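# Below: sequence and its predicted model.
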Amino acid sequence: MDMLFNGWGDPAKATPLPEAVTGLLRDWLGVKPLTAASSRLEEITLPLPALDDAAHQALLAAVGGREDGVRVDAESRIRHTRGKSTPDLVRMRNRDVAEDAPAAVVLPAGHDEVLAVLGACAAHGLALVPFGGGTSVVGGLAPQARAGFVALDLRRMNQLLDIDPVSRTATLQPGLRAPEAEALLAGHGYTLGHFPQSFEWATIGGFAATRSSGQASAGYGRFDEMVLGLTLATPQGTLETGRVPRSAAGPDLRQLMLGSEGAFGVITAVTVRIRPVPEVRRYEGWRFASFSEGAAALRTLAQDGPRPTVLRLSDETETLIGLAQPDAIGAAAGSGDTPSAGCLAIVGFEGTEQDTTQRREAAAAVLTACGGTFAGDEPGERWAHGRYSAPYLRDSLLETGALAETLETAAYWSRLPGLYTAVRDALTHTLTEAGTPPLVMCHISHVYENGASLYFTVVSAQGDEPVSHWTRAKHAANDAIITAGGTITHHHAVGTDHRDWYVREVGDLGIAALRAVKDRLDPEGLLNPGVLLPTD
């Protein structure tokens with residue numbers, strides 16, 4: 001099943017907000033109902049593909065002559081236009097599609113076909129954008145191509161190529177969606193342990209290309225920590241990285257390719273670390289009087305242990321609204337219940353029964369000593385049940401006339417309080433000045449010994465021009481992140497939305513070094529132009 005073209009995921013899962021919630025949006029934020037319904041796919045028209053017959057035939061030959069391997073119909077092209085950021089969805093709902101639509105969608109069946117497609121694109125001057133689950137929220141699928149471009153849909157490359165139970169590794173193809181990857185590994189008794197919010201739709205290749213981080217990162221690590229090897233198809237040939245678990249043989253090319261967002265090559269295989277499927281998974285809630293008190297508790301666990309598998313903390317506003325448990329928002333608002341004050345932390349443990357029990361008890365002692373109050377298993381179980389619901393909630397908010405978007409960053413623990421305040425103030429000031437005062441919420445979603453990430457959610461009225469409206473606020477937040485010592489992205493990648501601030505983060509010399517890599521692997525600049533690195 002394809003994802004909803006102008007929203008998130010399965011259209012059957014996007015349900016209208018309860019009247020109690022829409023009333024709060026109207027009263028608190030001045031949200032006004034939309035005057036027109038969002039567009040339907042059949043209502044959108046596209047100009048004829050900017051793909052001449054010679055290029056079409058070359059692409060067909062590259063995929064073995066399969067007619068369904070090169071698609072130029074309007075529906076296929078629309079479904080491969082942009083990603084799933086709020087500006088992306090607003091444009092799609094307004095039928096603003098033509099500018100970023102690919103000329104064709106190409107579906108290779110293996111590494112050699114990807115190489116052949118790259119050769120055909122080079123011969124005909126076509127840019128190419130790798131397309132996995134289509135879940136980018138940073139403009140990673142909207143290249144700045146001078147001529148037409150093709151979307152390289154990797155869905156047919158969806159196999160478990162190898163599993164090594166002795167070394168506990170598996171090699172997966174890039175178009176394999178996360179749920180299918182987990183099912184294949186579970187058949188052998190293993191798990192990857194990577195569960196980002198995009199889990200239901202995102203792909204293995206996309207995780208590697210964006211340095212993804214899952215909700216269980218405290219226990220399993222980030223995706224870039226799980227990757228042991230990568231195979232890339234580039235316009236200059238095949239690049240293999242990572243033949244052993246660790247090596248001192250020069251700089252790590254595997255790490256250089258991770259996070260490259262298709263700008264250096266197309267990932268065609270990923271070798272990952274795997275772990276046994278846990279015997280038990282237990283999630284619970286803890287409450288703290290303030291965000292700063294809760295953050296100090298999380299830091300203690302991250303630095304001194306025992307470290308849980310899942311460790312998250314919502315600030316006072318997010319806790320009050322109930323966004324820590326997205327599937328409970330409507331029920332709470334409609335029942336008249338008063339949410340508990342303070343901040344809610346979700347703490348999860350996965351592993352053997354004995355190990356989980358021991359770590360749970362030890363963590364409880366630490367959290368209690370840090371001022372936490374045990375809130376029972378119910379908050380944790382509700383979070384686990386609704387952990388992939390937030391993007392659907394955003395669709396429902398858009399339908400009501402609200403603007404809802406997220407952004408994230410990370411910093412060292414010592415800089416986290418200043419970063420939190422700077423970003424929140426930048427968003428609040430910019431949107432209030434524009435006449436749409438926002439609700440700004442935040443949570444810590446990933447922790448490390450030396451720092452943590454901050455994930456902000458913003459809700460306001462859309463305003464007359466919602467895309468430019470949000471762009472101004474996003475730019476202000478980006479400036480605040482760089483000034484306060486944060487990273488421009490912790491797990492959403494750079495894309496085009498963060499690119500100019502990424503230049504500021506790594507500096508001109510750093511960008512020049514990366515450009516030299518791109519110039520060697522992609523001398524014609526065909527791969528995802530304008531994404532990650534500025535175009536000339």
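Noted; the coordinates are in hand.

# Settle this for me: residue 284 is touching residue 379, isn't it.
Yes - in terms of CB atoms under 8 Å, residue 284 counts as a neighbour of residue 379; the distance is 7.1 Å. C-betas here are computed from N, CA, C, even on glycine.

# any chance you could map the strands in the stretch 401-536 of the chain?
In the stretch 401-536 of the chain, the segments counted as strands under DSSP state E, counting those that start in this stretch are 402-412, 439-444, 451-461.

# right, and those - which one's nearest residue 69?
Proximity to residue 69 (CB to CB) singles out strand 402-412 among these, at 35.4 Å.

# Neighbouring strands of that closest one in the sheet, and parallel or not?
Taking DSSP bridges as the criterion, strand 402-412 pairs within the sheet with strand 451-461 (antiparallel).

# pLDDT of the strand it pairs with, averaged?
Mean pLDDT, computed over strand 451-461, is 97.

# Repeat that for stretch 100-109.
Rounded mean pLDDT across stretch 100-109 is 96.

# Show me which helix or strand of the chain is least confident by mean pLDDT.
helix 329-335 (a mean of 44; mean pLDDT, DSSP states H and E).

# following that helix, which helix or strand comes up?
The helix or strand immediately downstream of helix 329-335 is strand 343-351, counting by DSSP states H and E.

# counting contacts, what elements does that next one pack onto?
Where contact means 3 or more CB pairs under 8 Å, 6 or more residues apart in numbering; DSSP states H and E, strand 343-351 is packed against strand 280-288, helix 291-304, strand 310-314, helix 316-321, helix 353-369, helix 378-385.

# Export these to CSV and append columns for distance to residue 91, mean pLDDT and mean neighbour count.
Converted to CSV, the helices and strands packed on strand 343-351 look like this (distance: least, CB to CB, whole Å; pLDDT from 0 to 100; neighbours: other CB atoms under 10 Å):
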stretch, distance to residue 91, mean pLDDT, mean neighbour count
strand 280-288, 37, 98, 22
helix 291-304, 34, 98, 19
strand 310-314, 30, 98, 26
helix 316-321, 27, 93, 20
helix 353-369, 44, 97, 15
helix 378-385, 32, 95, 19
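
# How about the contacts made by the residue nearest to residue 473 when sequence neighbours are not counted?
Distance criterion CB to CB, 6 or more residues apart in numbering; nearest residue to residue 473, sequence neighbours excluded, is residue 430 at 4.4 Å. By CB atoms under 8 Å, 6 or more residues apart in numbering, the residues touching residue 430 are 472, 473, 476, 477.

# swap the cut-off to 6 Å and go again
Applying CB atoms under 6 Å, 6 or more residues apart in numbering to residue 430 gives the contacts 472, 473, 476.

# So it versus residue 314, what's the distance?
Using CB to CB, to the nearest Å, one obtains 23 Å as the distance from residue 430 to residue 314.

# cool, and residue 530?
The value you get for residue 530 to residue 314, if CB to CB is used, is 35 Å.

# Look through the protein and tell me its longest helix.
helix 499-521 (DSSP state H).

# Can I get that one in CSV, CA atoms only?
Provided in CSV are the C-alpha atoms of helix 499-521 (Å, rounded to 0.1, in the frame of the first residue of the first chain):
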residue,chain,number,x,y,z
ARG,A,499,21.5,23.1,4.4
ASP,A,500,22.5,26.8,4.9
TRP,A,501,22.7,26.3,8.7
TYR,A,502,24.7,23.1,8.2
VAL,A,503,27.3,25.2,6.3
ARG,A,504,27.5,27.4,9.4
GLU,A,505,27.8,24.4,11.7
VAL,A,506,30.7,22.6,9.9
GLY,A,507,32.4,25.7,8.4
ASP,A,508,33.5,26.5,4.9
LEU,A,509,36.5,24.2,5.0
GLY,A,510,34.3,21.3,6.1
ILE,A,511,31.9,21.9,3.3
ALA,A,512,34.8,22.1,0.8
ALA,A,513,36.1,18.7,2.0
LEU,A,514,32.6,17.2,1.5
ARG,A,515,32.3,18.8,-1.9
ALA,A,516,35.6,17.2,-2.9
VAL,A,517,34.1,13.8,-2.1
LYS,A,518,31.0,14.5,-4.1
ASP,A,519,33.0,15.8,-7.0
ARG,A,520,35.0,12.6,-7.1
LEU,A,521,32.0,10.2,-6.8
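
# about what we covered before: who wins for neighbours among the contacts of residue 430?
Counting neighbours by other CB atoms under 10 Å, residue 473 comes out on top of the contacts of residue 430 with 26 neighbours.
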